[in-house]
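Q: here's a sequence, model it:
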Amino acid sequence: MLEENRRGHDREKVATRVSVLSILVNVVLSVGKLAAGLLGHSVAMVSDAVHSASDVFATFIVIIGIRVSSKQSDEEHQYGHERLECVASIILATILALTGLAIGSAGVEQILNSGESPLAMPTLLPLAAAVVSIVTKELMYWYTRHYALSLHSDALMADAWHHRSDALSSVGSLIGIAGARMGFPLLDPLASLVICVLILKAAYDIFKGAIDKMVDRSCTPELEAEMKDLIERVPGVEVIRACKNLKFIDVAFTGVDHVDLLRTRLFGNRIYVDVEISADDNLTLLASHRIAEQIHREIEIHFPDVKHCMVHMNPLSEWKHH
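A: Next comes the predicted model:
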C-alpha cells in the first residue's frame, strides 16, 4: 500500500509540473496569437488563438483528473480511482471537439460573407506568429508525450495531442495567411476549416482511447503472451513443463500442469490480471498457495502497470484436457 501511495504521489508531482508548463506556454501563445490575428487582419490566426486558449482550460482538467485518479483506495472506491482520469480525457475530447466546431463555423461564415465584404489581406505579423506557434507547440507535444508515455497517462496524452493539434492548426494558419498575401484571400478562412477537421480527428482519437479503458478492454495479445510466458517460467510451473518435454511426466512430481485461462482488463491507466492454472491434485494447500503467490509477485514486478493479479488454482482431475 505504501508503494502504491508513493507511486501515485510521484506520478501526480510529475504530471503537475508538465501541466503547469503547458498552461504558461498556452497563455503566452494565445495572447500573442490573438493580438497578431486582430492587428494583422487574419481570421485563421484568431481561430488559432481561440484553440490555444481552450488548451489552458483543458490542462486544468488534466491536473484535476490526474490528482483525483492518484488518490488511494477508500471504502467507497475499493478498486481505486484510476477511471476518473478517463473521465478527464472524455471531457478534454469534448472541449477539443467543441473548439474545432467553433473554428470551423467561423471559417464557413467568413467564406459565405466574402462576397458582401471583401476579406482584408493579412499582414506579416500573423505570419510570424504562426511560425513561432508551430515550433513551440511541436516541442511541447514531444515534451508532454514523453511524460504521458512514462506515466501511462491518458489525460496527459490528450494534452499532448492538444499541443500537436495546435501546431497543425498553426500550419493551416501559415498556409492560409501566406496564400491570402499572394492574392487568394479565401485561403485564410479555408485554413480554419482544415484546422477544424484536424481538431475533430484528435478529439475522436482521445475519446475512443478513454472509452476503451472505461469498458474493461483487454490488453494486446502480445502483452498477454508475455505474461503467460512469464507464468510458465515460475518455479513449480517450469519444472513439470521440463518433465513433459523430456518424457518424464510419469515421475513422482506434483506441480502445475498448465495455464487454463489468462484474462486482462484495463482499468484507467492500470491493468488487472486474472489467471487460472491446473495443478496436480496431490499438491498441498501450502504448496499451491506458494506457487500462486509467486505468480502474483512475478506478474506485478515485471509488469509495473498491473495493479493486481488474481491467481486461481484448479485441480487437474476436474478439467478435461487433450
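
Q: I figured residue 141 hits residue 158, correct?
A: No: contact criterion Cβ atoms under 8 Å: residue 141 and residue 158 do not qualify, at 11.8 Å. In this view, the C-beta of every residue, glycine as well, is placed from N, C-alpha and C.

Q: those two: who's more crowded?
A: More crowded of residue 141 and residue 158, by other Cβ atoms under 10 Å: residue 158, with 32 against 20.

Q: are we agreed that that one is in a helix?
A: Yes: secondary structure of residue 158 (DSSP: H, G, I helix; E, B strand; the rest coil): part of a helix.

Q: show me the contacts for it.
A: By Cβ atoms under 8 Å, 6 or more residues apart in numbering, the residues touching residue 158 are 58, 62, 88-89, 92-93, 96, 206, 210.

Q: report pLDDT for it.
A: Note on residue 158: pLDDT of 74.

Q: can you map out the strands along the protein?
A: In the chain, the strands defined using DSSP state E lie at 256-267, 270-279, 306-315.

Q: of those strands, which stretch is the most buried?
A: Among the strands of the chain, ranked by average contacts under mean count of other Cβ atoms under 10 Å, first place goes to strand 270-279 (a mean of 20).

Q: hang on, the earlier thing: ok, so of the contacts of residue 158, who is nearest residue 13?
A: Distance ranking of the contacts of residue 158 against residue 13, using Cβ to Cβ, places residue 62 first at 14.0 Å.

Q: just the C-alphas of stretch 20-32, formatted as PDB.
A: This file holds the C-alpha atoms of stretch 20-32, laid out as PDB (Å, rounded to 0.1, in the frame of the first residue of the first chain):
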ATOM      1  CA  VAL A  20       1.900  24.000 -15.300                       C
ATOM      2  CA  LEU A  21       4.500  24.500 -18.000                       C
ATOM      3  CA  SER A  22       1.800  23.700 -20.600                       C
ATOM      4  CA  ILE A  23      -0.500  26.400 -19.100                       C
ATOM      5  CA  LEU A  24       2.200  29.000 -19.100                       C
ATOM      6  CA  VAL A  25       3.100  28.300 -22.700                       C
ATOM      7  CA  ASN A  26      -0.500  28.300 -23.800                       C
ATOM      8  CA  VAL A  27      -1.300  31.600 -22.100                       C
ATOM      9  CA  VAL A  28       1.600  33.400 -23.700                       C
ATOM     10  CA  LEU A  29       0.800  31.900 -27.100                       C
ATOM     11  CA  SER A  30      -2.900  32.500 -27.000                       C
ATOM     12  CA  VAL A  31      -2.400  36.200 -26.100                       C
ATOM     13  CA  GLY A  32       0.300  36.700 -28.700                       C
END
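
Q: what ranges of this structure fall below the confidence cut-off?
A: 1-11, 62, 65-66, 68-83, 114-120, 188, 215-216, 235-257, 268-269, 318-322 (pLDDT under 70).

Q: which residue packs closest to the residue most central in space within it, ignoring adjacent ones?
A: By Cα atoms, centre = their mean, the mean C-alpha position of the chain lies nearest to residue 154, the distance being 2.6 Å. Distances taken as Cβ to Cβ, 6 or more residues apart in numbering put residue 89 closest to residue 154, at 4.6 Å, once the chain neighbours are dropped.

Q: before we move on, what about residue 169?
A: Among residues not flanking residue 169 along the chain, residue 195 sits closest, at 4.3 Å (Cβ to Cβ, 6+ apart).
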